[in-house]
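Trainee: Got a predicted model here, sequence first, then my questions.
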Amino acid sequence: MLTRTKWPLLISGILFALIGALASLQYMKSSAGLGGYSDAKIWREASCRLGLYLQKARGGMPELSWTDLWAVTRLRHGFYCAEGSSLAASLQYSATASKADRREGARIFHERCAACHGADGSGGPVGPTLIRSNYIYGDSDLAIYRVLRNGIPGTPMPSFDLPLRELLEVTAYLRTLKAPQLAAEDSVAPRLAIHVSSKSLQAAGTETSEWLMYSGSYNGWRHTTLDQITPANVAQLRIKWIRQFDISASNIEGTPLVTDGAIFIAPDAWHVVALDAGTGNVIWEYVRPAPPHLPQEYGEVNRGLAAYGSTLFLGSYDGYLVAIGADDGRPLWQTLVAKPSGGYLITGAPLVVNHSVIVGVSGGDHKIRGFLAAYDVETGKRRWKFDVIPGPGEFGHDTWKNGAWRAGGGGTWITGSYDPTTGLLYWGVGNPSPAFDRDVRPGDNLFTDSVIALHASTGKLAWHFQFTPHDNHDWDAAQTPILADLMVKGAVRKVILWPNRNGFYYVLDRLTGQYLTGVPFVQTNWATALTPTGRPILTAAAKVTTAGVRTMPGVTGGTNWQNPAFDPASGTIFVPATEDSSVFTKAAPGQVPGTPNGFYLGSGWSEVGRGTHEVLALDAATGRRKWKYIAPATGPTNLNYSGLLSTKSGLLFGASGGILFALDADTGRELWRLPLGGSSRSSPISIAIGGQQVIAVAAGRALFVLGLEGDGK
C-alpha cells in the first residue's frame, strides 16, 4: 500500500521517467549512430526505455542507480530495447563490441585485475579463475558490469570507479575468456560414493585425506599429522583454487568436512555445498528455504556438518535436524529439535557418536531453556534430551530462584568432544538469561557457564564443573573441550583443557570433573584467583551496577567460540585470545524488558577502545605462558579472527583481520602471511589431496585452498 510519504516519491520518479524517455527520444533522433532508423523504430525504442524508467520509479531494479540506468540506456551501441525485455536482456554490449573495444578491455584488465586473477585470467594469488562457463553472480553483461562496479563485499574483489564505457569494455574482454572452457566446465560432475563408519570416526585425525567432524577428531585437538608444509617451505604456499558462494551472510563460520575427494561445507544457514576437493567445482548444492519471522541472534550462520554412512547432518537455523544424502544432496528426513517461535535456533555443528547425532541449540539471549539432545542417525527419532537448565525435582534446580529457570538461557551452540574409552560426552553451556542482570535470578544458575559430562548412550549426567557461577558478564562456556592425557602435579591424568571466556585457563580431571589447575591467561580484574575447588574469588569489579563497572576481560571475553589447538608432542595448547575491557551495566530494579527483536539481556555493555587480538601458547598442564603473538588487527569487531590449527611439522595457522598467517609453533614467530580480503572466523584445516598437503580456510564468502608451489617438489 502506498502511504502519503511514498506518493510524492512515486510521482517524482514517474516525472523523471517521462523526462528521461523524451530526452532519450531526442538523443536517438540526433545520434549519428542511429542513422537510418525510422520514426516508428525510434518511438518503439523510446517507449521501451520509458517502461524501464517507470519500473525503476516504482521501486524496481534496486541494484541499479538512476545514474547507471540512464547511462546504460543511452549507449550508442550494445543496448537493444524491445517491448517486454528486461534490462539484462537489453544490454548486449559484448555481442557488438569491436576488436578495439576488447583490446581496450584487455589493457584495463592487465593493469587492474591481472595481479589477482593472473595475466590470462586463470587465477592468481587471491583471485579465482575467470575461465569458466558460469559466474556466481550471473553471466549477463549487466551482471558482470555490476560486479566490476560494486565489487563483492567480504571478498578480495574491490569496486572499480571507472566510466561505464571502460567497465563494459572489460566485460567484453571477460566474455572472450569464458568461451574456450565451456565444454570442460560443463562435463559431468564426479559421482560420489561416501561412506563414513563408526570406526573411521573413532580414528578421525589419523587419516590425513579426511576431516570427518567439526574439530577433526573426537578429542578436539585441531591438530594434523601432515608434515609436508614446514617452517622452511611455508612461504611457498600458493592458492590452488577459490570457491565463492552466493550467500547473504558476510562471513563463513562453518568448518568443512572432507572425505573421498569431496569437501562438504555449509557456507551459511541455508546452504550445503559439495565441492570437488581438487578443483573447487560444485558437485551438488542443497538449498533450504528460509522461513520468515525467525528470531535473530547474531547472524544467520552455521558452524558445520556431521557425517555418518552416506548421510550428512545439518542443524538448520529454523530449528530442525536435517539428514541429507552425501552423494547427491537430496534431503532424506528432518525432525524438529526446537521451535523458533520459542526463541530457539541451531547454529552449531552436530556430532555423531555411535549411532546418534548429538545437537545443541542457540538462543540463550531469547528466554529459552537450553538443552542437548541425541537423535537416531537412520530415523531422526529422539533418543534422549538433557535440559541444561534443571527443572523442579532435577539436580541443580535449587540454584535458581524466582522461577527464573523457565527462561534461564543456557545455549549449547558449540560442538563438544567425546571420549570413546569412557563413553563420556563433554559439552559447554552458554550464559544465563538475562545476561547482565543476575539480581532477577539469584543462585549459581546451573548448568550455565559450565562443562557437562554426559553418558553418551543415555544422556545422563556424570559430572559438571561451573566456570562462572551466577554470571552477569555473558561469559558463556561455548568453547571446544580439549581431551588429553598429561602429567599434572606428578601424575598422569586424563584431563580436559579449557581456556574460558572469563579469562581463566582450567585443567580438569575428565573422569570426575575435579578441578586441578586454573590461572588467568589474559588480564582479569573481576577475580583475584580461584579457590582450591576452582571457584572464582571475586573483586568489586565483578559486580555490575546501573552506573556501569569497567571489567576485564570485556564482553567478548578472554577468548570466544573460536577454537584453540593442541599439539600433543610439545604439550602446548594454542589459544586465540583478546585483551580488552568493557563497561557493563544492568537495568534498574524491576526494569528488565525484552527488546523488539526478542533479546532478554537486562541491559548491556560498551567496549572501552579496541581490543588486541593475540595468539597465546600455554603449557597445557600448568597454563604457563610460553609465548605471545600480536595478531593483525581485527577491524570493526573483536570477533573477526579464526580458530587455530597446529601441525606435526611445528606450524600454527590462524587468521585475523582478513589475513591468514603461519607461526613457528615453538617460538610464535610469524613465518608467512597472506591477505584474503575477507574476515575468517572458522579455523583453517589441513588435508592431503592427491598425496599433497593443503590448507583450507574460509574468508568472507569464499573458501580458499592453498598448497605448496609446484607441490613442494
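Mentor: Thanks, I have the structure now. Numbering: from 1, shown residues only.
Trainee: Could you use CA atoms for every contact and neighbour count after this?
Mentor: Fine.
Trainee: Sketch out the low-pLDDT regions of the stretch 501-650 of the chain for me.
Mentor: When residues are selected by pLDDT under 70, those of the stretch 501-650 of the chain lie in 590-599, 601-602, 604-605, 607-609, 636-637.
Trainee: let's go with 50 and repeat that
Mentor: 596 (pLDDT under 50).
Trainee: The stretch 151-300 of the chain too?
Mentor: Where the stretch 151-300 of the chain drops to pLDDT under 50, the residues are 178-187.
Trainee: Helices of that one, residue ranges please.
Mentor: According to DSSP state H, counting those that start in this stretch, the stretch 151-300 of the chain carries its helices in the segments 164-178, 182-185, 198-202.
Trainee: swap in the chain?
Mentor: For the chain, the helices defined by DSSP state H occupy 6-30, 39-57, 66-73, 87-90, 93-96, 99-112, 114-117, 141-150, 164-178, 182-185, 198-202.
Trainee: Give me the mean pLDDT for the second one.
Mentor: Regarding helix 39-57, the rounded mean pLDDT is 67.
Trainee: And the fourth one, by the same measure?
Mentor: When pLDDT is averaged along helix 87-90, the result is 66.
Trainee: and stretch 165-177, how far from the chain's centre?
Mentor: On the basis of CA atoms, centre = their mean, to the nearest Å, stretch 165-177 is displaced by 33 Å from the centre of the chain it belongs to.
Trainee: from here on, count from 35
Mentor: I'll keep to 35 as the first residue from here, and by that count the last item is stretch 199-211.
Trainee: Enumerate every residue touching the residue nearest to Phe470 when sequence neighbours are not counted.
Mentor: In this structure, Phe470 finds its nearest non-sequential neighbour in Asn506, 4.5 Å apart by CA to CA, 6 or more residues apart in numbering. Going by CA atoms under 8 Å, 6 or more residues apart in numbering, Asn506 touches 466, 469-472, 577-578.
Trainee: Quick check: the gap between Asn506 and Arg472.
Mentor: Note on Asn506: its distance to Arg472, by CA to CA, to the nearest Å, is 6 Å.
Trainee: Distance check, the closest residue to Leu198 other than its chain neighbours against Asp195.
Mentor: If the residues on either side of it in the chain are set aside, Leu198 comes closest to Ala105, at 7.3 Å by CA to CA, 6+ apart. Distance of Ala105 to Asp195, given as CA to CA: 14 Å.
Trainee: export the helices of the stretch 185-334 of the chain to a markdown table and tack on distance to Gly93 and mean neighbour count?
Mentor: Listed next are those as a markdown table, based on distance: least, CA to CA, whole Å; neighbours: other CA atoms under 10 Å:
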| stretch | distance to Gly93 | mean neighbour count |
| --- | --- | --- |
| helix 198-212 | 23 | 21 |
| helix 216-219 | 36 | 12 |
| helix 232-236 | 53 | 15 |
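Trainee: CSV for those helices, including distance to Tyr354?
Mentor: Output for the helices of the stretch 185-334 of the chain, formatted as CSV (distance: least, CA to CA, whole Å):
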stretch, distance to Tyr354
helix 198-212, 40
helix 216-219, 35
helix 232-236, 23
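Trainee: Quick check: which of those helices is nearest to Leu517?
Mentor: Closest to Leu517 of those, according to CA to CA: helix 232-236, at 13.9 Å.
Trainee: For Ala689, see how far away the nearest residue to Gly312 once chain neighbours are set aside is.
Mentor: Nearest residue to Gly312, sequence neighbours excluded (CA to CA, 6+ apart): Ile723, at 6.6 Å. Separation of Ile723 from Ala689 (CA to CA) stands at 22 Å.
Trainee: So between those two, which is more surrounded?
Mentor: Per other CA atoms under 10 Å, whichever of Ile723 and Ala689 has more neighbours is Ala689, with 31 against 18.
Trainee: show me what contacts the more buried one?
Mentor: Per CA under 8 Å, 6+ apart, neighbours of Ala689: 675-678, 695, 714-715, 717.
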